[in-house]
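Student: sequence first, then the predicted structure, then my questions.
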Amino acid sequence: MERLVSVLEAYRGKDRIIRFAGYVATFLAGTTKGKSALNFKTIATELSACRTVLRLFDDTSMLMSNLVYGTGSKEPVTAIRILQLISNFVNQLYYPVEHIAWLGDRKIISVESNKFWLLGLRIWATSLLTEIIKNLVKIRLAQMEMKGVKKEQYLQASNERNGITEQSQAMSDQLKALKAKSSEAYLLLFQSLFDFMNAISWMPPGFLWSGKLSPAQNGVLGMISTGIMLYRGWPAKKDKKSS
């Protein structure tokens, strides 16, 4: 309960809970009929609108994050650096596009909001595709590094059998860190993949699987991706100090 409250008190945590609830409502709207379906659809729409309003204030935090990363000069892998720079650019671009669409819906400015919503969807899909490729690269690199460390461990074990002893704790720690890095990359890969499937499905018919997924399927994909988000950001259990 304490950890749930901690998540709800944080902006990102609350946003993910709202997101998850919205996808649950989307799933239920696609699996029920009549008034119940309409009610769940309304809930999903309102929760989505809530998140859109909250994102009106996310430009600055996104900009700060991008400025901290800069040109990625500290990134040792060129491919990841390029992909991250693309991701930073499109993510920053998404917010003003969504703001214009939101203002257009409310007749505050005179624009065709549907065009901007579609542009925002395409930007989101581009960002997700970049994340998918970036995490595939990270997984491959981690696997190659783990292979090298395991080879070193095997050689060290052979030396120890021959009377040559060395400290192996450093390599064990390195292998553990690489496994954690690989696991995180896999989680981000699947999170982005499920969101990407939804992003494409919401585009105008005629592109890949656009328009071919049901609301229930959209809801399941969204619940899985958001569940991964919550899992990754869930607070660790605090150790109880003995009195």
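Tutor: Ah, there it is.
Student: got any ranges where this structure has weak pLDDT?
Tutor: The model of the chain has pLDDT under 70 over residues 157-169, 238-243.
Student: do a quick rundown of the helices in it.
Tutor: Shown for the chain, the helices assigned by DSSP state H span residues 2-9, 11-31, 34-54, 59-69, 78-105, 113-161, 169-201, 215-233.
Student: turn those into a markdown table, columns for mean neighbour count and distance to Trp209.
Tutor: C-beta coordinates here come from the backbone N, C-alpha and C atoms, glycine included. Below are the helices of the chain laid out as a markdown table (neighbours: other CB atoms under 10 Å; distance: least, CB to CB, whole Å):
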| stretch | mean neighbour count | distance to Trp209 |
| --- | --- | --- |
| helix 2-9 | 12 | 33 |
| helix 11-31 | 19 | 16 |
| helix 34-54 | 14 | 21 |
| helix 59-69 | 12 | 29 |
| helix 78-105 | 18 | 22 |
| helix 113-161 | 16 | 12 |
| helix 169-201 | 17 | 6 |
| helix 215-233 | 18 | 10 |
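Student: now those helices in CSV, with distance to Phe207?
Tutor: Converted to CSV, the helices of the chain look like this (distance: least, CB to CB, whole Å):
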stretch, distance to Phe207
helix 2-9, 36
helix 11-31, 21
helix 34-54, 22
helix 59-69, 27
helix 78-105, 18
helix 113-161, 10
helix 169-201, 7
helix 215-233, 16
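Student: out of those helices, which gets nearest to Leu208?
Tutor: helix 169-201 (5.2 Å; CB to CB).
Student: tell me which other helices or strands the closest one touches.
Tutor: helix 113-161, helix 215-233 (3 or more CB pairs under 8 Å, 6 or more residues apart in numbering; DSSP states H and E).
Student: relative orientation of it and helix 11-31 in degrees?
Tutor: 50 degrees (axes from the mean of the first three to the mean of the last three CA atoms, to 10 degrees).
Student: need the helices and strands packed on helix 169-201 in CSV (columns: distance to Ser6).
Tutor: Below are those laid out as CSV (distance: least, CB to CB, whole Å):
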stretch, distance to Ser6
helix 113-161, 26
helix 215-233, 10
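Student: which one of the ones you listed lies nearest to Gln191?
Tutor: Checking the helices and strands packed on helix 169-201 against Gln191 by CB to CB gives helix 215-233 as the closest, at 4.2 Å.
Student: how far out from the middle of the chain is that closest one?
Tutor: Offset of helix 215-233 from its chain centre (CA atoms, centre = their mean, to the nearest Å): 10 Å.
Student: again, but for stretch 182-192
Tutor: With CA atoms, centre = their mean, you get 8 Å for stretch 182-192.
Student: again with stretch 224-239
Tutor: 12 Å.
Student: check stretch 212-223 too.
Tutor: That offset, for stretch 212-223, works out to 17 Å (CA atoms, centre = their mean).
Student: what of stretch 10-19?
Tutor: The answer for stretch 10-19 is 13 Å, by CA atoms, centre = their mean.
Student: grab the nearest non-local neighbour of Gly222.
Tutor: Spatial nearest neighbour of Gly222, excluding adjacent residues (CB to CB, 6 or more residues apart in numbering): Tyr23 at 3.3 Å.
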